[in-house]
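# Here is my input; please provide its structure:
(2 chains, ligands or ions: 2)
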Amino acid sequence: MEKRAIFSNRLLPYLLLAPQLAITLIFFYWPAAQAVKQSFFIEDAFGTTSTFVGFENYRTLLADPYYFKSMGTTLVFAAAVTALSLSLALLLATQADKSLRGAGLYRTLLIWPYAVAPAVAGVLWLFLFQPGLGLAARQLQRLGVDWNPLLNGAQAMTLVTLAAAWKQISYNFLFFLAGLQSIPKSLIEAAAIDGARPARRFWTIVFPLLSPTTFFLIVVNIVYVFFDTFGVIDAVTGGGPAKATETLVYKVFSDGRLGGDLGGSAAQSVILMLIVIALTSVQFRYVERKVTY
Amino acid sequence: MAGVLLDNVAKIYPGGVNAVRGVSFAVPDGGLCVLVGPSGCGKSTLLRMVAGLETVTSGAISIGARVVNDIEPMARDIAMVFQNYALYPHMSVYDNMAYGLRNLKTPEPEISARVRDAARILELSDEMLKRKPRALSGGQRQRVAMGRAIVRKPAVFLFDEPLSNLDAKLRVQMRVEIRRLQRRLKTTALYVTHDQLEAMTLADMLVVMNAGRVEQVGAPLELYERPATTFVAGFLGSPPMNFLNGKIEAQGLARMENGEALAYDAGHFGPPIGADIIAGVRPERTSFAAGEDGLAFKLELVEELGLGRLVHGRVGAAPYAVALPPGAPLPPGETARLAIAAGDVHLFDGKSGVRL
Ligand SMILES: Nc1ncnc2c1ncn2[C@@H]1O[C@H](COP(=O)(O)OP(=O)(O)O)[C@@H](O)[C@H]1O
Ligand SMILES: [Mg+2]
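Numbering: from 1, shown residues only, chains lettered A, B, ... in the order given. Ligands and ions are numbered 1, 2, ... in the order given. Predicted structure coming up:
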């Protein structure tokens, strides 16, 4: 059914929308437009003059092997975080779904990480895995692992992946739990009578029925990794060692802020914006079709 | 092929609800047993224990020669049809029916043969086998659920109110089909319903339940003609049996609350003189008397059923209904006399409601 509010004053709906629109314009469209504009200019080192250079910034960017390395890093990071946080969240959700009695407490505990700011989450994990100091780091060293994420790129990547995934688990968990609870119990019972053991029930009945939720979460998590993990990376590794954890978002920051290449950084932001627009449009189209399994 | 035996089966849910309180009965091999009773009396719980979906608190359930209390659902050789059908929404009708066989690692050619065989019996077209359940009508979904049950050729079918989501007309049609199918396959079946008409028409054997207990077990007509308790008497039959309170005055004669006398068949061991009783008379076994004999009846309302008439009124303060065959005349005035044959009076204990 269509829900439509009736306004007697034709101006009123616009007035009600105005604050939201103003905020969006000032904090989103205006900077975005600035970035697009900026990406066509080159500024000198002192920021006094800027010259229009057309697509020069983009050309430089696409010729820069570091940019593609960063792209690769981002993809690996996105895949690792999404896979890790989705599978852990799904595991926790199936456990919570099984024993709903303890679920209240369980759920609250699992929601907490989501309320933690990315940088704080990063610092938490940094402390845990600080070589020589951290609880987890000392355990690893005792087990004979040569643990030093400050020097070892793969270990640094593992650490930011853990921190970023941990923060996202609670969000994924809530959606998976809701998804699981919307699957009628009788389907699982029918499958049990039909001779499917628990693992087979999960993969042939539960998992396919969760696929709309899973798809939604994959997109949300990728968007999260692409754009919201700046704080985690900044706190844990600062993009290092040797740019091993420099994702696209982090590169925008390090090139623009630290490297002073505003034009190149703006071009990178524009490309990132295009990626997020593509991802969200895929998601909207999918959600609108209401997902047929 | 196997019978089902329940021996003093009880179920207490973790929350403390005592849903089933010591139920015993045996379903012979190939029989269709209907569990009937009002909503909440524990029918589904009992069926789910037979299926293995609920644990048994005490007592024993056997399928064939084997006690199945601790056996998993899949190893019990049963198939169940759920009230909401529980079809797998992401699978085609064919895959829904094939699912159980695939779990048993049945070869695909045999699966195909069995699914098509079941589809033919249930009149599901090849084109329908390709559809998803959502693209089927309620009646078709019902058939698919039945198909899923029969392809596995289980020893026992379990049905939990399978027709209650269908409209009245389809319900009657599917009822006949289930009966026909069960006769044809000769598979033992346990069928749960709260609908007494469905129960009467389907059952070889009827189990009437009330508040977690069995009230009576027997053939439908046997229960209808000799109900063991006022509960069974009132539950089976529509309109339900009329009940009047009274006292035994002499062998074969009861004095009713309104002060009038009612004759009954004394039998071998009649109740003692002075005992409180409840007399039960079926509406269709009552007619209007021509003379001045019989209980006084005050007419209140007439319902035209097409198949006949239902005359509602009172005997003393107690409500009383009379079912008249088509064409039978109504009493001329507001009051009339009831003609009740002594053999049609059921006597129950005034306190316990047990048949005397
Ligand atoms: N999972 C459960 N946990 C606790 N109580 C239950 C559960 N299922 C059913 N009951 C209770 O057990 C009683 C019998 O329920 P049920 O077997 O579903 O009755 P019926 O199928 O005859 O309507 C009811 O009082 C119901 O509330
Ligand atoms: Mg029920």
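# Tell me where the model's unsure across the stretch 1-150 of chain A.
By pLDDT under 70, the weakly predicted segments of the stretch 1-150 of chain A are A:1-7, A:44-47, A:99-107, A:109-111, A:113-114, A:118.
# just the helices in it please.
Assigned by DSSP state H, counting those that start in this stretch, the helices in the stretch 1-150 of chain A fall at A:12-24, A:30-38, A:56-62, A:65-98, A:103-115, A:118-128, A:135-142.
# For residue B:9, grab the count of nearby residues.
Using other C-beta atoms under 10 Å in any protein chain shown, the number of residues around residue B:9 comes to 23. The way it works is simple: take the backbone N, C-alpha and C, and place the C-beta from them, glycine included.
# Quick check: pLDDT value at it.
What the model reports for residue B:9 is a pLDDT of 94.
# residues in contact with the closest residue to it other than its chain neighbours?
Using C-beta to C-beta, 6 or more residues apart in numbering or on different chains and skipping the chain neighbours, the partner closest in space to residue B:9 is residue B:59 (3.7 Å). Neighbouring residues of residue B:59 by C-beta atoms under 8 Å, 6 or more residues apart in numbering or on different chains: B:6-10, B:22-24.
# Mean neighbour count for the helices of the stretch 1-150 of chain A - can I get that in a markdown table?
Shown next, in a markdown table, are those (neighbours: other C-beta atoms under 10 Å in any protein chain shown):
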| stretch | mean neighbour count |
| --- | --- |
| helix A:12-24 | 11 |
| helix A:30-38 | 14 |
| helix A:56-62 | 17 |
| helix A:65-98 | 18 |
| helix A:103-115 | 13 |
| helix A:118-128 | 19 |
| helix A:135-142 | 15 |
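# mind checking which of these is nearest residue A:179?
helix A:65-98 (7.8 Å; C-beta to C-beta).
# Who are the packing partners of that closest one?
With contacts defined as 3 or more C-beta pairs under 8 Å, 6 or more residues apart in numbering or on different chains; DSSP states H and E, the packing partners of helix A:65-98 are helix A:103-115, helix A:153-181, helix A:207-227, helix A:248-253.
# got the phi/psi numbers for the residue nearest to residue B:9?
Dihedral pair for residue B:59: phi 90, psi -180, per degrees, to the nearest 10.
# again, but for the one 5 residues further on
In terms of degrees, to the nearest 10, the main-chain angles of residue B:64 are phi 60, psi -130.
# got the contact list for it?
B:1-3, B:77, B:155.
# For the residues you listed, which entry has the maximal number of neighbours?
residue B:2 (20 neighbours).
# quick check, residue B:277 in a strand?
Yes - the assignment for residue B:277 by DSSP: H, G, I helix; E, B strand; the rest coil puts it in a strand.
# Could you report the separation of it from ligand 1?
Note on residue B:277: its distance to ligand 1, by C-beta to the nearest ligand atom, to the nearest Å, is 30 Å.
# Next, the contact list for that residue, please.
Taking C-beta under 8 Å, 6+ apart as the test, what residue B:277 contacts is B:245-248, B:254, B:271, B:347-350, B:356.
# Which one of the residues you listed is nearest to residue A:57?
Lowest distance from residue A:57 to the contacts of residue B:277 (C-beta to C-beta) belongs to residue B:348, with 96.6 Å.
# For the closest one, the count of nearby residues, please.
Other residues close to residue B:348 by other C-beta under 10 Å number 23.
# That one and residue B:247: what is the separation?
Per C-beta to C-beta, to the nearest Å, residue B:348 is found 13 Å from residue B:247.
# When you filter the contacts of residue B:277 down to buried only, what's left?
Neighbour-count burial (16 or more other C-beta atoms under 10 Å in any protein chain shown) is assigned, among those, to B:245-246, B:248, B:254, B:271, B:347-350, B:356.
# Among those residues, show me the least confident.
residue B:271 (82).
# any idea which helix or strand carries it?
Using DSSP states H and E, residue B:271 sits in no helix or strand.
# Make sure it is actually in contact with residue B:351.
No - assessed by C-beta atoms under 8 Å, residue B:271 is found out of contact with residue B:351, at 11.8 Å.
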